[in-house]
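# attaching a predicted model along with its sequence, questions to come.
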Amino acid sequence: MYYLLRLTGFLALILVGCTHPSSRFERLTTRETGIDFANTITESDSLNVLEFEYLYNGGGVGVGDFNGDGQQDVFFAGNQVSSRMYLNKGNFKFEDVTDSAGVGTRYWCTGVAVADINQDGRQDIYVSTIHPSRGKAVPNLLFLNQGNDANGIPHFVESAQAAGLADSSYSTQATFLDFDRDGDLDLFLLTNALENFNRNNVIGPRNDGSARSVDKLYENVGVRSWELGARSRPAAKTLSRSGTASGRLLTPRSQLLTPTYKDISAQTGLVHEGWGLGVLVNDVNQDGWPDIYVANDFQSNDVWLVNNQDGTFSNRIAETLKHQSHNSMGVDMADINNDGLNDLAVVDMLPDDNLRQKTMFSTIPYDRFQMARRLGYQPQYIRNVLQLNRGFGAASKEHPLSPVPHFSDISYLAGTAATDWSWSALFSDLDNDGFSDLLITNGYRKDITDLDFTSYNRDDGNFGTDTDRRAQLLKRIVDLEPVYKPNFLFHNTGDLHFTNVATDWGLTESSFTNGTAYADFDNDGDLDLVMNNINDPAFIYRNRTVENAESSLKTHFLRITLVGKPGNREGIGAKVAIWSNGQLHYTEYTRQRGYQSTMASGIHVGLGSARRIDSLKIVWPTGNGQKLTNVAVDQLLTLDERKAGLQPESFLTLQPSVSPLLTEITSPKGLDYQHQEDDFVDYKAQQTLLPHKHSQIGPGLAAGDVDGNGLDDIYIAGSAYKGGTFFLQQKNQLLASASFRRKDQPTKKPEETGVLLFDADNDGDLDLYTVHGSTEFGRNETVCQDSLYLNDGKGNFRGSPNALPNTMSSGSCVIATDFDHDGDLDLFIGGRIIPQRYPEPARSYLLRNDSKSGAVRFTDVTDQLAPGLSRAGLICSALWTDVDNDTWPDLMLAGEFMPITVFRNQQGRAFSIMHTPELTKAVGFWNSLSAGDFDNDGDMDYVAGNSGLNSRLQASANQPVSVYAADYDKNGTLDPIISFFNGGTEYPFHPRDVLTDQIPSFKKKMTTYAAYGKTTLSNLLSTDEQKLAVVKRVTYSASAYIENRAGSFVIHALPIEAQFSPVFGSSIIDLNHDGNLDVLLAGNDYSTEVLSGWQDAGLGLCLLGDGRGNFKPLSPAQSGFVVDGDAKALASLLVANGQLWYIATQNNGPLRVFTATAPGALYQRPDPASQKRATGTTPRKQEFSYGSGYLSQSSWVVPGTVSKKNHN
């Protein structure tokens, strides 16, 4: 599960006491319930974590009504101890019937799958097994339920061999599904074989079926011919644990025919190597066929096996997820936001507390991450993921008829990313409020990831004999601390945020909890919990939601029992949608979920305050469906497939079909471009403590008519050593098909960041300004000197080296305006970074155009006219905009570790910093600025892109993210120490080895990783050191709408969908032609340090404005705007037929081009003198900018003839 082999030791702890009765959950004691099962592990010289690394992976739980009395019973998988079965006698009293039922086990049992395998109406049990020795194997077990004896105790016969399911391939869990939709239940087997090599070695995926650990699929081929005559065969005998007949005879049933299974793994496409710990069946692409998600441990990627409807599967995980957990364990899916799309949770082992984080992570493995990508692995990070289902995007070339949905990992935003050494992830509505909550279990007997332990072993590993070293290692393991803490229970607040309420709700006990299941053990309408613990008695938690609810606050529920057709009598794979109080509740029925466990049969739906169900629809796996209306709540409802009929595919369409606003132009003629960026590692060459790289910030994009043919062209900034590229729009084309001619510029060493097309010399054509930036050339300032290229009017450019003053700063953006009203265009160039001096502000420039006829000349007037502007910050974006409606363009700046800052233009004579209290207190990682009169009040408002709320570095006014920069070790290099808050305390953010690589003298301050984990920021830096440092604090992370109230500003966070990722590109236009401005946003950030991982949850976003400053987010299906790579610039381009194209750049990716699906308007170039346009009776101000958003410049347009309004 981690980069090291798993090791552990022995520790027995006794849990005492019960939960306070006023909590939602009450833990019942062994004495109260009669459940005394404990998965006790005993180590020895021959059985320990040196020999068997899965020693503490634990066992599962299976819930089912084994004796048919209407009460849910429990089966626990035992590792070294026998598995045990407990019958529910009512009122949370259970009876151990293991021996009499014949379900005792001798093998190391892992996963429990409960289902009616032979379709006789009784619950059977399939148990996965492993052997502690790599060279040995034991078969899985199939306990077929024979019915009850006279005492009401069910009896089972072990029948795996007879059924063809005595698999011995080291399995973790099995799950049942009808993969071929032939009406019976097939079986998928998750494997996790022991290997003789380190499974975290980056050696490349093995996806040819030759690996030792490959999952399996067993097809149900029906009842064997010899069994068809078994209706008169003698009564079956149950077998004792020793394998001998117990002598107890049961009454035969004529229906008792055992199906047989055939291994068809290879022919179905199951060829992927993986060390599986979690599996879940779900129809991810909503085509009616079950798909399979496999959560794999170690370096092996997770696999999403999408059903091809022809008996085969294809792994399409790279098409639907941007990244995965690294040590994937338990997995579950549910619709967390009630939009009819199932979302995904996979758990890993990122600790929630600073001490454990600092003793687990020593460094940032950038080289390892990049090597894994080159060898074909998808990105993986050590953290839980909560993948929000965003709906369907465009079909791929490989699967044009079967698109898969896009997912965005929002685990940091939701608050579920860090739950330590986690095992099970289970969604269920535990308070019946109508939203699925998330339970995550955790714990490990010995913290073998402790870096002080591993480094000590590494350093001492060459001394003594093998026997001595082994003995010493085992001794040190005994002394290790456990990962022993309460489980996590996240309450879904309904707004994509989850709050850990484990303590408040009564889950206060620390434990080593593995498999877990939910069930309504007392049939009162709320879900109780059962947990399988290592070395402690199992937990039974009684849910008191129903009995404790006051009448005015009472929530409601519906329990559903499914009665399917023969072959799948439980209706496994059925889909149920419920509408009540305007809310949708959607469920796909599968019982094997979480980790190694099976949930109770049936479906439980919390309904919140709804007192009636308006309608209910079910689609059975066969495609049959039925609809009920006006259904009562708080009842057990039985749905019978015999009452269903064949329905059209649209019967359960939960996502309304809409015509998207935009359509991607997948092959724009002549506009074929792939950005390429060298993989420069800032952390090695510059400062190891950087929060992200500054060498991959582009490419920038500019639009304008450079060849004088009346059509706008585009220029894309060139990366280092590559040069930029023009795409010239061609005339004499059919109106429906714009085309372009590519014109590459000469290769040059500097990297271009911001680019601008403007008339520098007032000769009527557009010249080109390129800002040079990045950190790839260190402090070599000459490489950063910007360039101005003059146009001959036909699109041919020549450099004008004498036109510019010294601009040798690593820059970002360039924007132009006539700030002094003298008839020519002046410039602002933003300084982005000083290599090796982060976070010192980079030099920015205010350049006045002092050109005379025949002599182009720009003068640096920064210090003369705008004191403070030259070192305003680490500038990412800038905007010339008239904030106070005095007709003089003011300068608005956005950047890293700075507030949005406004320099007010004093009639061209000077600039002064404007007093803006709301902006000043919102210090952020601001990336972009765009202007629009969103509330139609006659002044300019703004959309500002920030880092978002889905980051490991989350900031607030009370708990900021800070940087303390100074030359702490007096070696001439600035050392930027980033800090963050954890548990209300400020700590250094970096792993210890990263910090001491930058500042070697700090090794003396914390000689161990544990000491560093306890080191607060104030412990690390003395008061004097803090006073001498450059200190900056981020207090606001959300991307925002900035409302202009007559020159004062109010910040409003944009909708939550705009907070999933950093916002870079932005474009302002009335997309749906309702008279109000809308917003297109694009952005991700792949430059982050890889321990935190890429910020890649952005898919592009369309926000529809209502003309009052409010915004409605559209789904990708509604907008059609999907930019899911490392998105940067975004510009609108006027094409020959009067339409607008929206063009987005992606770092190391292709251009993405979009246009209106059903053009509702044609556009034309404006009269530049007109700055206001009427919208109804309200004057809406419109500005035309030379540069806006992020490294972007758009065509200037106004609506022409509106042919059709498009209201989405």
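Received, thanks. Values in this document were obtained by computation on a predicted structure and should not be read as measured data.

# residue nearest the centroid of the protein?
The centroid of the chain falls nearest to Asp409 when counting by CA atoms, centre = their mean (1.1 Å).

# tell me how far that one lies from Gln387.
5 Å (CB to CB, to the nearest Å). Backbone N, C-alpha and C define where each C-beta goes, glycine included.

# any shared contact partners between these two?
Jointly contacting Asp409 and Gln387 under the rule CB atoms under 8 Å, 6 or more residues apart in numbering are Leu321.

# helix, strand, or coil at Ala1117?
Of the three states, Ala1117 takes helix under DSSP: H, G, I helix; E, B strand; the rest coil.

# how much space between it and Thr1157?
With CB to CB as the criterion, Ala1117 and Thr1157 are 12 Å apart.

# who touches both of the two?
Overlap of the contact sets of Ala1117 and Thr1157 (by CB under 8 Å, 6+ apart) consists of Pro660.

# related to what we said a few turns ago, out of everything not next to it in sequence, what's closest to the residue nearest to the centre of the chain?
Spatially, and ignoring its direct neighbours in sequence, Asp409 is nearest to Val385 (4.6 Å; CB to CB, 6 or more residues apart in numbering).

# the one you found contacts Ser411, doesn't it?
Yes - at 5.3 Å, Val385 counts as touching Ser411 under the criterion of CB atoms under 8 Å.

# need the overlap of contacts for these two.
Ala417.

# neighbour-wise, which of the two wins?
Val385 (31 against 28; other CB atoms under 10 Å).

# quick check: that one vs Cys1102, distance?
Val385 is 25 Å from Cys1102, by CB to CB.

# the longest helix belonging to the chain: which residues count as buried?
With secondary structure taken from DSSP state H, the chain has its longest helix at helix 466-478. Across helix 466-478, burial judged by 16 or more other CB atoms under 10 Å covers 472-474, 476-477.

# in those residues, find the pair that's most separated.
Between any two of the buried residues of helix 466-478, the greatest separation by CB to CB is 9.8 Å, found for Gln472 and Ile477.

# can you pull out the strands in the stretch 401-550 of the chain?
Secondary structure of the stretch 401-550 of the chain (DSSP state E, counting those that start in this stretch): strands located at 405-409, 422-428, 437-442, 485-486, 488-492, 498-500, 510-511, 513-519, 528-533, 539-543.

# can I get the ones you listed in CSV with mean pLDDT and distance to Thr862?
Shown next, in CSV, are those (pLDDT from 0 to 100; distance: least, CB to CB, whole Å):
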stretch, mean pLDDT, distance to Thr862
strand 405-409, 97, 41
strand 422-428, 99, 53
strand 437-442, 99, 53
strand 485-486, 97, 55
strand 488-492, 99, 51
strand 498-500, 98, 48
strand 510-511, 98, 60
strand 513-519, 99, 62
strand 528-533, 99, 64
strand 539-543, 99, 65
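
# nearest to Lys136, of the ones you listed?
Of all those, strand 513-519 comes closest under CB to CB, at 22.8 Å.

# in its sheet, which strands sit next to that closest one, and in what direction?
strand 528-533 (antiparallel) (DSSP bridges).

# can you name the residues in contact with the strand it pairs with?
Residues outside strand 528-533 that contact it (CB under 8 Å, 6+ apart) are 25, 37-39, 58-61, 63, 74, 76-77, 439, 441, 487, 511-522, 538-543, 597.

# and that strand, how far out from the chain's middle?
Averaged C-alpha coordinates place strand 528-533 at 28 Å from its chain's average position (CA atoms, centre = their mean, to the nearest Å).

# try stretch 286-298
That offset, for stretch 286-298, works out to 17 Å (CA atoms, centre = their mean).

# end-to-end on that stretch?
Stretch 286-298 has an end-to-end distance of 30 Å (CA to CA, to the nearest Å).

# and the closest residue to Ala1129 other than its chain neighbours, its phi and psi?
Closest residue to Ala1129 apart from its sequence neighbours, by CB to CB, 6+ apart: Leu701 at 3.9 Å. With angles defined as degrees, to the nearest 10, Leu701 sits at phi -150, psi 130.

# OK, contacts around the residue nearest to Asp409?
Taking CB under 8 Å, 6+ apart, we find Val385 in contact with 323-325, 344-346, 348, 409, 411, 417.

# show me those that map onto strands.
Counted as lying in strands by DSSP state E, out of the contacts of Val385, are 324-325, 344-346, 409.

# just checking, Met599 touches Arg593?
Yes - the criterion here is CB under 8 Å, and Met599 meets it with Arg593 at 5.8 Å.

# anything in contact with each of the two?
Shared contacts of Met599 and Arg593 (CB under 8 Å, 6+ apart): Leu426.

# how is this structure carved up into domains?
The chain is divided into the following domains under automatic domain parsing: 554-652, 662-955+1035-1202.
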